[in-house]
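Q: The following block contains a protein sequence and its predicted model.
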Amino acid sequence: MISNPFQLNGLTPMMSMRLTRIGSKNRPAYRIVVVDSERPRESRAKETIGTYNPTTEPAEVKIDLARAQAWIAKGAKPSETVQSLLTKALKKAKKA
């Protein structure tokens, strides 16, 4: 018998890094969060690691790269959009 339905054979569920919308109508803004990959988009996050505001020019991206790398090391898979934002943030960090 399994005591925790989210833990099969000692494995924890797959974590993903993705965007959660926080902006109002016609003014999108997003948090970059780490969540269980099987949960809905607006579900409770394990950790918020950054923000993304596409409405500013240029788009504003703030990411805690140390926390993002820690979660990736633990096996979290970034979505395509988050992967793109992480790449841009790393390039920006290397320039500074």
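A: Perfect, thanks for sending it.
Q: Would you indicate which residues of stretch 39-54 are buried?
A: Neighbour-count burial for stretch 39-54, counted by 16 or more other CB atoms under 10 Å, picks out A45, E47, I49, G50, Y52. In short, each C-beta sits where N, CA and C put it, glycine included.
Q: quick one: contacts for the fourth one?
A: With contacts taken as CB atoms under 8 Å, 6 or more residues apart in numbering, G50 has the following neighbours: R31, I32, V61, K62, I63, D64, A68, L85, A89.
Q: quick one: low-confidence parts of this protein?
A: Within the chain, the stretches with pLDDT under 70 are 1-13, 41.
Q: could you pull out the helices for this protein?
A: Per DSSP state H, the chain carries helices over the ranges 65-73, 80-95.
Q: and the first one, what does it pack onto?
A: Taking 3 or more CB pairs under 8 Å, 6 or more residues apart in numbering; DSSP states H and E as the contact definition, the neighbouring helices and strands of helix 65-73 are strand 15-21, strand 47-53, helix 80-95.
Q: circling back: farthest-separated two in the buried residues of stretch 39-54?
A: The distance between the two most remote of the buried residues of stretch 39-54 (CB to CB) is 15.6 Å, for E47 and Y52.
Q: mind checking the end-to-end distance for stretch 68-78?
A: 9 Å (CA to CA, to the nearest Å).
Q: circling back to that earlier point, could the helices and strands packed on helix 65-73 go into CSV alongside distance to R27?
A: Shown next, in CSV, are the helices and strands packed on helix 65-73 (distance: least, CB to CB, whole Å):
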stretch, distance to R27
strand 15-21, 10
strand 47-53, 9
helix 80-95, 18
